[in-house]
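J.: Build the 3D model from these lines:
(4 chains)
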There are 2 protein chains.
Amino acid sequence: MRELVKSFKALSDETRLRILKLLLERECCVCEVMQALDISQTRASRNLSALYDAGFLELRKEGLWSLYSIDQEGVKAYMSDLIEAVDKGLEGKEVAALDRERLRKAKRVGPECVRRSRR
Amino acid sequence: MRELVKSFKALSDETRLRILKLLLERECCVCEVMQALDISQTRASRNLSALYDAGFLELRKEGLWSLYSIDQEGVKAYMSDLIEAVDKGLEGKEVAALDRERLRKAKRVGPECVRRSRR
DNA sequence: TCTTTATATGCGCATCTACGCCTATATTCT
DNA sequence: AGAATATAGGCGTAGATGCGCATATAAAGA
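T.: Here you go, the predicted structure:
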C-alpha cells in the first residue's frame, strides 16, 4: 500500500505527467525535456529524478547526457499492483470490529464516537 | 490530463487508500470510518470529502448519517481515463520541435540550453 | 422547544512540495 | 590543462496539504 501511495504521489503532478507523455514518444535527455516542455533545467532534472525514484523511468548515461526513458517493467509492476490491490480490497481487512447492526442494537442509534473522542 | 492529476492526488494519501479499502468491503458512515481506521472525525470527514470530490465515492444521506460508498462508475471512468491516456500517449503530442538529430548536426553536440536560459 | 448526535467547516499551524538561484561535479573538446 | 557543456544538488521560499480544535448546521428524539 505504501508503495502505491508513492506511485500516486509521483503521478500527481502535471509537469511529471507531461514528461511521461513526452517519454512515451521516445527516450530523451534532460535538455530535450526542458526544451520540449519549456521548463527550467532544475525543474526538468528534479521531476525526472522523481519519476525515476518512483520506478517509472530508466536511466542511461551517454557522455554528458542522462537519457531517460519509460521503464516498461516499472509501469507494468505499477499497473499490476494497482489492479491486484483493487482486486483483493487493498490487502487484508480493515473492517475488523466494525458492525453497524451491533451498534444499532446497543441502545444508541449510532455510535456516539464524536462525543467520546472529545473528552 | 488535469483530471488525471486530480485523481492521482486524491489517491496519494495513505488514509484515503485505507478508506477506499474499507469501502470496498461495504458502505460506511463517517462514524464507522473513524472507528474502523481509528482516526479523528475531522480527518475521516475531510478525507471522505476529498475522495468524493475526486469522483471515487457516492454519498447517500440517511437521517443523521452520511453514507459513503465506492462510486463504481467513477472508478470505472478513472481506470478508462488512465488506460486511454497511456494508450494515446496522454493526449496530443508534446514533442513538436524536438529533434535530436537536427541539434547534433547544428554543430553543437547537444543543445546548450542551459547557458541560453541563463542569460 | 431543548437535547443529543452526526457531519461539515473555518481557522491556525506544522509540514511537505515544487521550484528558482547558484554552484559542484563530470564529461568532452581544444 | 583549460574551456564549454549537461546534470545534479544545496539552500531558501512561496504555496499547498493534512489535520486538530472549536464551532456551525442539521436531523432526531424527549
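
J.: From now on I want contacts and neighbour counts done on CA atoms only, so please keep to that.
T.: OK.

J.: Next, find the distance separating the nearest residue to A:Q41 once chain neighbours are set aside from DNA strand D.
T.: Of all residues not flanking A:Q41 in the chain, A:M34 sits nearest, at 5.9 Å (C-alpha to C-alpha, 6 or more residues apart in numbering or on different chains). Separation of A:M34 from DNA strand D (C-alpha to the nearest atom of the strand, to the nearest Å): 8 Å.

J.: helix or strand right after the helix or strand in which A:M34 is found?
T.: Using DSSP states H and E, A:M34 maps to helix A:30-37. Where DSSP H and E defines the elements, the next helix or strand beyond helix A:30-37 is helix A:41-53.

J.: Tell me which residues are up against the helix or strand just after that following helix.
T.: As assigned by DSSP H and E, the chain's next helix or strand after helix A:41-53 is strand A:57-62. Contacts to strand A:57-62, defined as C-alpha atoms under 8 Å, 6 or more residues apart in numbering or on different chains, come from residues A:L48, A:L51, A:Y52, A:S66, A:L67, A:Y68, A:S69, A:I70, A:D71, A:G74.

J.: Sheet partners, orientation included, of strand A:57-62?
T.: Strand A:57-62 sits in its sheet next to strand A:65-70 (antiparallel), going by DSSP bridges.

J.: Next one: the partner strand, is it in contact with DNA strand D?
T.: Yes: for strand A:65-70, a contact with DNA strand D is found by C-alpha under 7 Å from any atom of the strand, at A:W65, A:S66, A:L67.

J.: Wondering if that strand reaches DNA strand C at all.
T.: No: for strand A:65-70 and DNA strand C, the contact criterion (C-alpha under 7 Å from any atom of the strand) is not met; the two come no nearer than 7.8 Å.

J.: Now do that strand: everything it contacts.
T.: A:20, A:23-24, A:26-30, A:48, A:56-61.

J.: Just the CA trace of it, in PDB.
T.: C-alpha atoms of strand A:65-70 as PDB (Å, rounded to 0.1, in the frame of the first residue of the first chain):
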ATOM      1  CA  TRP A  65      23.700  13.100 -21.300                       C
ATOM      2  CA  SER A  66      21.400  11.500 -18.900                       C
ATOM      3  CA  LEU A  67      19.000   9.700 -21.100                       C
ATOM      4  CA  TYR A  68      15.600   8.900 -19.500                       C
ATOM      5  CA  SER A  69      13.000   6.500 -20.900                       C
ATOM      6  CA  ILE A  70       9.900   4.700 -19.800                       C
END
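
J.: Pull out the buried positions in it.
T.: Residues of strand A:65-70 classed as buried by neighbour count (16 or more other C-alpha atoms under 10 Å in any protein chain shown): A:L67, A:Y68, A:S69, A:I70.

J.: Which one of the contacts of strand A:57-62 is nearest to A:L11?
T.: Comparing these against A:L11 with C-alpha to C-alpha places A:L51 closest, at 7.9 Å.

J.: State the number of residues packed around that closest one.
T.: The number of residues packed near A:L51 is 23, by other C-alpha atoms under 10 Å in any protein chain shown.

J.: same question, A:F8
T.: 20.

J.: residues touching the closest residue to it other than its chain neighbours, list them.
T.: Distances taken as C-alpha to C-alpha, 6+ apart put B:S12 closest to A:F8, at 4.8 Å, once the chain neighbours are dropped. With contact taken as C-alpha under 8 Å, 6+ apart, B:S12 is in contact with A:L4, A:V5, A:K6, A:S7, A:F8, A:K9, A:S12.
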